[in-house]
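1. here is my input; please provide its structure:
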Amino acid sequence: MKPKSQKTQGQLNRAASKGPGKVTHKQKPNFKGKYKPKPKADKPNKPEIRKMQRQQKAEAAAAEREKIKAEKDAKIKAYKQQRLERTKAISKKTQKGQPLMKDRMQLLLKQIEEMKGR
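-> As a prediction, this is how the structure comes out:
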């Protein structure tokens, strides 16, 4: 091998490294987010609109469920009250243990009047 001349000794790797910390290949410019239109603060975007609509539907459905549940509870409470009154009237007894016919007749009369009203 020939000894290298003084001129070319340091120049062989010059193209590979142009200096400490410098990149030899060209970097692509970072365009991400640079040209994106910024969302307007006063107008909600489509996902937010859809989310609000879903929330409104869910609130309306929950209110409807609560209303139905309250009606159902009221009907059940009224039915239990009627059943309690009927049971009390039927279960009354005299001192000797015989059923009290007066209350039973009133109950039957009440039922007949309700059927007549319908």
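
2. which stretches of the chain form helices?
-> 46-91, 101-117 (DSSP state H).

3. show me the one of those helices that comes nearest Q27.
-> Nearest to Q27 among the helices of the chain is helix 46-91; the distance by Cβ to Cβ comes to 33.9 Å. Every residue, glycine included, has its C-beta placed from N, CA and C.

4. quick one: closest of the helices of the chain to K28.
-> For K28, the closest of the helices of the chain is helix 46-91, at 30.4 Å, according to Cβ to Cβ.

5. give me the angle between the closest one and helix 101-117.
-> On the basis of axes from the mean of the first three to the mean of the last three Cα atoms, to 10 degrees, helix 46-91 is oriented at 140 degrees to helix 101-117.

6. let's have the chain start at 15 instead
-> Sure thing, new numbering starts at 15, so read that last one as helix 60-105.

7. helices and strands around helix 60-105, which ones?
-> helix 115-131 (3 or more Cβ pairs under 8 Å, 6 or more residues apart in numbering; DSSP states H and E).

8. pLDDT of the helix it packs on, averaged?
-> For helix 115-131, mean pLDDT rounds to 92.

9. any buried residues in it, and which?
-> Using 16 or more other Cβ atoms under 10 Å as the burial criterion, the residues of helix 115-131 that qualify are D117.

10. what's that helix packed up against?
-> For helix 115-131, the packing partners by 3+ Cβ pairs under 8 Å, 6+ apart are helix 60-105.

11. closest one to K40 among the helices of the chain?
-> Taking Cβ to Cβ, helix 60-105 is the member of the helices of the chain nearest to K40, at 37.9 Å.
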